[in-house]
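*Asks:* Make a model of this:
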Amino acid sequence: HGDRTPKQKLKGNLDDKHIIRYFHNHTKKVKKDLKIKAKKDMVEFLKTVKTIISDMEADGAEKHRQELNRARHIRDILTRWKFSGLNRKLQMKPRKWIEEETPDGKKPTKCSELQLIVKWGGDLTKLGEKQAVRLG
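*Replies:* Have a look, this model is predicted:
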C-alpha cells in the first residue's frame, strides 16, 4: 500500500451497438453493473473499441467527431500499458432498458444505454517504491 498517483477517470453515456453487445455477452443480469479487470476481457473490449473507431472513420469522421474522439481516448488509455497489474479498470452501468419481442414471443429485457467508466493510473510513486522496498 505504498504512495500512489491519483487515479484518473473518464465517464460517458453510450448507446453504441458494439458496446451494448459486449455488455450483454459479459453479464448475466442486465440491470447490474459490469466490472472488467481481467486481461482477456480488456483485450476483447479494446478490439470492440477499435471496431467502433474504424466504423466511424468509414462512415465519416466529421459526422462522429465527438464520439470518435472519446473512442480514440479510450483506445489510448487501454493501450498505454501492458495488460497486467492494477492500472486500469472498466465499469459499465446500465442506464436504460428495452423489452424486445423475440420470434418465440418472449420479451427479454435488454440494456439500450449504459454509462462507461474507465479508470486508470494509481501508479506507485518513487516514495511508494521506497516504502515497498523498506517494508519488504
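
*Asks:* how about stretch 124-136: buried residues?
*Replies:* By neighbour count with 16 or more other C-beta atoms under 10 Å, stretch 124-136 contains no buried residues. Just so you know, the C-beta spots here come from the backbone N, C-alpha and C atoms, and that holds for glycine as well.

*Asks:* Excluding chain neighbours, give the residue nearest to Val118 in space.
*Replies:* Leu10 (4.5 Å; C-beta to C-beta, 6 or more residues apart in numbering).

*Asks:* low-confidence ranges in this protein?
*Replies:* The chain contains residues with pLDDT under 70 at 1-2, 61, 83-86, 136.

*Asks:* Check it and tell me which residue is nearest its centre.
*Replies:* The residue lying closest to the centre of the chain (C-alpha atoms, centre = their mean) is Leu90, at 4.1 Å.
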